[in-house]
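1. starting from these lines, generate the structure:
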Amino acid sequence: MFVARLLGLDVFDPLGDRLGRLRDVVVLSRGTRGAPHVVGIVVEVPGKKRVFVPMTRITSIDQTQVICTGLVNLRRFEQRGAETLVVAEMFDRRVTLADGSGDATIEDIAMDKHRSGDWFVSKLFVRRGHSLSPLSGCAATRP
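-> Residues are numbered from 1 along each chain as shown. Below you'll find the model as predicted:
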């Protein structure tokens, strides 16, 4: 499932009460050993406060909603040193393609759940050349 499609989805507890909206996904890089591990999501709760919900607390994700257990720590999210925010830090990042054919821009990232229950980054959607993504902070120049 691609992260850009999940942005803004409502996050609910098991009883159907709305907790907030999904704003970002938190991953841990494992270096060259394998795909980054998805450790949680950042949810914006009422009052514009952003909190962390671990993936172990997520019971269901689909194209319309995210359902988590009722146990959510409402302490404000603070990013740790090894953590990377997918939307804030990885979208629109320029990368060099491994085959040496040039540069590209990351436009989306897919994550999959493995049999073990862990979530991992499985695919990158990249575009060669400059990004035309509305998420990038660059405005087009006008004549």
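2. what ranges do the strands span in the chain?
-> Remark: strands assigned in the chain by DSSP state E are 10-12, 18-28, 37-45, 49-54, 58-61, 65-68, 83-85, 94-96, 103-113, 119-128.
3. including mean pLDDT, could these go into a markdown table?
-> Shown next, in a markdown table, are the strands of the chain (pLDDT from 0 to 100):
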| stretch | mean pLDDT |
| --- | --- |
| strand 10-12 | 95 |
| strand 18-28 | 95 |
| strand 37-45 | 95 |
| strand 49-54 | 95 |
| strand 58-61 | 93 |
| strand 65-68 | 94 |
| strand 83-85 | 94 |
| strand 94-96 | 88 |
| strand 103-113 | 93 |
| strand 119-128 | 92 |
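4. show me the beta-bridge partners of the residue nearest the centre of the chain.
-> Geometric centre of the chain, nearest residue: V25, 2.8 Å, by C-alpha atoms, centre = their mean. V25 has these beta-bridge partners by DSSP bridges: I41.
5. and the strands of the chain as CSV, adding distance to L74?
-> (Glycine included, C-beta is placed from N, CA and C.) What follows is the strands of the chain, written out as CSV (distance: least, C-beta to C-beta, whole Å):
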stretch, distance to L74
strand 10-12, 13
strand 18-28, 9
strand 37-45, 7
strand 49-54, 6
strand 58-61, 17
strand 65-68, 13
strand 83-85, 19
strand 94-96, 36
strand 103-113, 24
strand 119-128, 22
